[in-house]
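In: sharing a model that was predicted from the sequence below.
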Amino acid sequence: MTSQLFVPPGVGHLRVCQNLSVTDKQLADALRSFKRAESVLDERRQELFKAIGRAIVENGERQAAVVEQTGYTREHVRRICAAYVRWKSGETTTLKIAR
């Protein structure tokens, strides 16, 4: 028979305490901040996508240099460049730049 210890639900790697209350305003504020941060992150990812594509495709920068600077794999940099070429030709790309 297993013990029936109560383990609070997890959020990420943290445990949620049952005795801490979160008000609707606190939750709404946190959610609004999170959405703003996500929006900024998406904008920065697009800037990075364009900068990598421009550096390699248009300016002839070596992929190895971009790999060294970004920490991305060579294959991921190749995918970014291919998506950049498609984007420049007017196609819609769904490539996501993420760590």
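Out: Perfect, I can see it now.

In: and the longest helix along the chain, what does it pack onto?
Out: When the chain is parsed with DSSP state H, its longest helix is helix 24-53. Packing partners of helix 24-53 (3 or more C-beta pairs under 8 Å, 6 or more residues apart in numbering; DSSP states H and E): helix 63-70, helix 74-88. All C-beta spots, glycine's among them, are computed from the backbone N, C-alpha and C.

In: quick check: which of these is buried the most?
Out: Most buried of the helices and strands packed on helix 24-53 by mean neighbour count (mean count of other C-beta atoms under 10 Å) is helix 74-88; its value is a mean of 16.

In: that helix to helix 63-70, inter-axis angle?
Out: 100 degrees (axes from the mean of the first three to the mean of the last three C-alpha atoms, to 10 degrees).

In: quick thing: my sequence starts at 268, can you match it?
Out: I'll keep to 268 as the first residue from here, and by that count the last item is helix 341-355.

In: which outside residues touch helix 341-355?
Out: 316-317, 319-321, 323-324, 330-331, 333-334, 337, 339, 360, 362, 364 (C-beta atoms under 8 Å, 6 or more residues apart in numbering).

In: how about a cut-off of 7 Å?
Out: Contact with helix 341-355 is made by Phe316, Ile319, Gly320, Ile323, Val324, Gln330, Val333, Val334, Thr360, Leu362, Ile364, as judged by C-beta atoms under 7 Å, 6 or more residues apart in numbering.

In: ok, the third one to Arg329 distance?
Out: I take that to be Gly320. 14 Å (C-beta to C-beta, to the nearest Å).

In: the more surrounded of these two?
Out: Between Gly320 and Arg329, counting by other C-beta atoms under 10 Å, Gly320 is the more crowded of the two (22 against 10).

In: nothing else from me, thank you.
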